[in-house]
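Visitor: Here is a sequence with its predicted model. Questions after.
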Amino acid sequence: MIIRPILDLVAICAKKGIENAILSPGSRCAPLTLAFVRHPDIHSRTISDERSAAFIALGMAQQLGQPVALVCTSGSAALNYYPAIAEAYFQRVPLLILTADRPPEWIDQWDGQTIHQEEVFGKHVKKSFRFPDSFVAVEQTWHAGRIVNEAINLAKQFPAGPVHINIPLREPFYPLEGEKFEYPEHPREFTPISSYSQLTEESLKHIKNRLTDVQRLLIVPGQQRPNPRIQKLLDQLASSKNVVVVTDVISNLQSDHTLTLHDHWLGDDSQQVDLAPDLIITFGQSVISKSLKQFLRKSDASHWHIQSDGHSRDTFQHLTRILACAPIDFLAWLEEHLPIQDEGYSNKWKILEEKSKAALPAIFQASDFGEYPALHFLLEKIPAASKLHLANSMAVRYVNFLGKRDQEIICNRGTSGIDGSNSTAVGCTFTTKDPVTLVTGDMAFFYDRNAFWHNYAMPNLRIVLLNNHAGGIFRLIDGPAKQPELEEFFETRQKLNAAHLAQEFGFGYTLAKNQEELETALKNFYEPSLFPKILEIETSSSKNAEVLKLVKEKIKTAIQ
């Protein structure tokens, strides 16, 4: 039989702008699956591995800015969503998670595919709802529609995030012969009117008075999507007001007016006094640079954070004011009212930046082949129009070391795990015809190989695999690097390469073990193709650690 409130659920999704659903196979979720697949305004895809499915949905929602629906069957299937849901929660990415369940009386009764699914995602969703398990009373149908509206509204409301609806389903739930899927033409919908907090005139007056004492302003944007209007305001503040703007690669706000090579020299305590600000202003989410975070934590400056919902995030341990407004509004006000800052202060930062920028090409040209110099060369070959996905661990750190990028940078820094890098990039390919480039390490790549286990074309996907046959980052951390168990229990050495995977999935594949092979491989890497391409760069973990250490030493010498 067709469960009408399930048809209402899908119709409400379509009405409220959900155009994509990622489904995983199962029987208990059949009413949801069929309702999504047969709706004319929703594009449904099936991904067998639920962990991969959730990261693919995350990758889509990151780009679309709209919730993507996730549907799975009952039991442990839902648990496999958890890593991506946690990432979406901390990245503020909207997802609508729909988990089919057994009726409540069968939970914990040794019946098949039953676990405790209600509120299973805990604090990592904005809210968890329980769908009615029967529709005998007309109020239960009304309640079901209300839940769907509330859940989608909440997923979209600032700050966006994942919302869970657990849906107990009673048999029979397959359509009978002759039954038709008739969606309501005008499902009941209600949508809140969104509004951002705004600073009062009185607050702005106090802020303006406080700014008269500031001569060394430092602005640090955290992770966010590209925003040309914010970029323009930051450039104006840097160029006409002598404001120091320090931008990690994941801020997507790097320019010729911002500082991008700070990771090379901020860790030097001798620079701390000369570079110390009077005031730090931040907005966005996390930053990558450990040296930047340590620098800000050691500072005695006040810290103002701009966040529309007014919630506090005291990352740098000096938070003194929360500016409850949209960053673009405050930056526009600041550009108009901020006194011109100390030019000598901003010049100290600029000199270090320019010396680092001038030294890097020669340093890499003289260094041995490895991941770091290979990426320095490769990044200049990636089309500006490409979306650039970076896996966690060394991939994102290398790119952050290498300065300004023209591409949109995407990295799962909400939880900073390696578990869904491939899948997130795959989800991105489902939203764009532009090239999508994934730069990943071998541990992240092989961990998430089920990202490619589906039947959908991804001709625009390009994968750069940095394979040092180990978790190379552990050679760069003092603790594990000094332990005799390093190779077996921290690096977890492995012998895999991507050749067989590429053959299995029909991907193009090239292996580069030196600079000449890398240059040859890149000549046609971005030429159009029917299938994704993998460029595997094979290096030595120990050699990579040596090269990175040598580059750091040479940069330090160059800026002295």
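Guide: Cool, got the structure. Numbering: from 1, shown residues only.
Visitor: To what extent is Val439 buried, counted in neighbours?
Guide: 28 (other CB atoms under 10 Å). (Glycine included, C-beta is placed from N, CA and C.)
Visitor: just the one 5 residues further on next, same as before
Guide: Look at Ala444: counted by other CB under 10 Å, it has 25 neighbours.
Visitor: thought it was touching Ser416?
Guide: No - counting by CB atoms under 8 Å, Ala444 does not reach Ser416; the two are 11.3 Å apart.
Visitor: which neighbours do the two share?
Guide: Common contacts of Ala444 and Ser416, defined by CB atoms under 8 Å, 6 or more residues apart in numbering, comprise Asn392.
Visitor: any idea how far Pro528 is from Arg51?
Guide: Taking CB to CB, to the nearest Å as the measure, Pro528 falls 31 Å from Arg51.
Visitor: Comparing those two, which residue is more hemmed in?
Guide: Taking other CB under 10 Å, Pro528 and Arg51 do not tie; Arg51 has more neighbours (23 against 8).
Visitor: Next up, the contacts around the residue nearest to the more buried one when sequence neighbours are not counted.
Guide: Leaving aside its sequence neighbours, Arg51 sits nearest to Asn80 (CB to CB, 6 or more residues apart in numbering; 4.3 Å). Taking CB under 8 Å, 6+ apart, we find Asn80 in contact with Asp49, Glu50, Arg51, Ala54, Cys72.
Visitor: Can you tell me how far Asn80 is from Ser423?
Guide: According to CB to CB, Asn80 and Ser423 sit 12 Å apart.
Visitor: can you list residues touching both of the two?
Guide: Common neighbours of Asn80 and Ser423 (CB under 8 Å, 6+ apart) are Arg51, Ala54.
Visitor: ok, back up a step: which ones among the contacts of Asn80 map onto helices?
Guide: Counted as lying in helices by DSSP state H, out of the contacts of Asn80, are Glu50, Arg51, Ala54.
Visitor: Now the first one: closest residue in space, sequence neighbours ignored.
Guide: Taking CB to CB, 6+ apart as the measure, Glu50 lies nearest to Asn80, with 3.7 Å between them; neighbours along the chain are not counted.
Visitor: Just to be sure, that neighbour is in a helix?
Guide: Yes - membership of Asn80 in a helix is supported by DSSP: H, G, I helix; E, B strand; the rest coil.
Visitor: Now do the helices in the stretch 251-400 of the chain.
Guide: 272-275, 290-298, 327-337, 343-366, 371-379, 394-401 (DSSP state H, counting those that start in this stretch).
Visitor: Please identify the one among those helices that comes closest to Gln157.
Guide: Ranking the helices of the stretch 251-400 of the chain by proximity to Gln157 (CB to CB) places helix 327-337 first, at 17.7 Å.
Visitor: for the stretch 51-200 of the chain, which spans come out with low pLDDT?
Guide: Low-confidence segments of the stretch 51-200 of the chain (pLDDT under 70): 193-196.
Visitor: Mean pLDDT per helix and strand in this structure: which one sits at the bottom?
Guide: helix 478-481 (a mean of 72; mean pLDDT, DSSP states H and E).
Visitor: Would you mind naming the helix or strand containing the residue most central in space within the chain?
Guide: Centroid-nearest residue in the chain, with CA atoms, centre = their mean: Asn412, separated by 3.3 Å. Assessed by DSSP states H and E, Asn412 sits outside every helix and strand.
Visitor: The chain should start at 495 in everything you say after this.
Guide: Noted, 495 is the first residue going forward, which turns the last one into Asn906.
Visitor: Touching, it and Asn916? I think so.
Guide: No - with contact defined as CB under 8 Å, Asn906 does not count as touching Asn916 (11.1 Å).
Visitor: residues near Gly761, how many?
Guide: When neighbours are defined as other CB under 10 Å, Gly761 has 17 of them.
Visitor: which of the residues in stretch 629-638 are buried?
Guide: Within stretch 629-638, the residues that qualify as buried are Phe629, Ala638, counting by 16 or more other CB atoms under 10 Å.
Visitor: got the contact list for it?
Guide: Residues outside stretch 629-638 that contact it (CB under 8 Å, 6+ apart): Ile497, Arg498, Pro499, Asp502, Leu503, Phe625, Pro626, Ser628.
Visitor: which one among the residues you listed gets closest to Ile1053?
Guide: The closest of these to Ile1053 turns out to be Leu503 (CB to CB; 59.3 Å).
Visitor: Without its sequence neighbours, what residue ends up closest to that closest one?
Guide: Closest residue to Leu503 apart from its sequence neighbours, by CB to CB, 6+ apart: Val642 at 5.0 Å.
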